[in-house]
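Visitor: Pasting the sequence and the predicted coordinates here, then a few questions.
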Amino acid sequence: MSIEKSKTSQLFLTSLGNAIRDRRVVLGLSQEALADRANLHRTYIGMVERAERNITILNLLKICNALGISMNELLSFQGNTYEQCN
């Protein structure tokens, strides 16, 4: 993997994690509460929010459902930097 591609991937994961965290905080949910809703482990949610895990699309769907938001809405969440990932 090239350095540029690695930076782009990390930027995307960081932006995604921030969007998940921002939405979770808006809803007043702890990482543990979100994990329970999504049927995922609490530490996994933290790792995704910190961009330490390359989340699968199925787990992203679980998180979006738990947040009451579509994937499209999450990826459009205010403050993201996805347009910089292209």
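Guide: Cool, got the structure.
Visitor: Quick one: list the elements packing against the lengthiest helix in the chain.
Guide: The longest helix of the chain (DSSP state H) is helix 3-26. In this structure, helix 3-26 makes packing contacts with helix 42-49, helix 57-67, helix 71-75, judged by 3 or more Cβ pairs under 8 Å, 6 or more residues apart in numbering; DSSP states H and E. (C-beta placed from N, C-alpha, C; glycine too.)
Visitor: could you give the angle of the second one to helix 3-26?
Guide: With axes from the mean of the first three to the mean of the last three Cα atoms, to 10 degrees defining the directions, helix 57-67 sits at 20 degrees from helix 3-26.
Visitor: Which residues outside helix 57-67 are in contact with it?
Guide: For helix 57-67, contacts defined as Cβ atoms under 8 Å, 6 or more residues apart in numbering pick out 16, 20, 23-24, 27, 29, 34, 37-40, 44-45, 48, 55, 70-71, 73-74.
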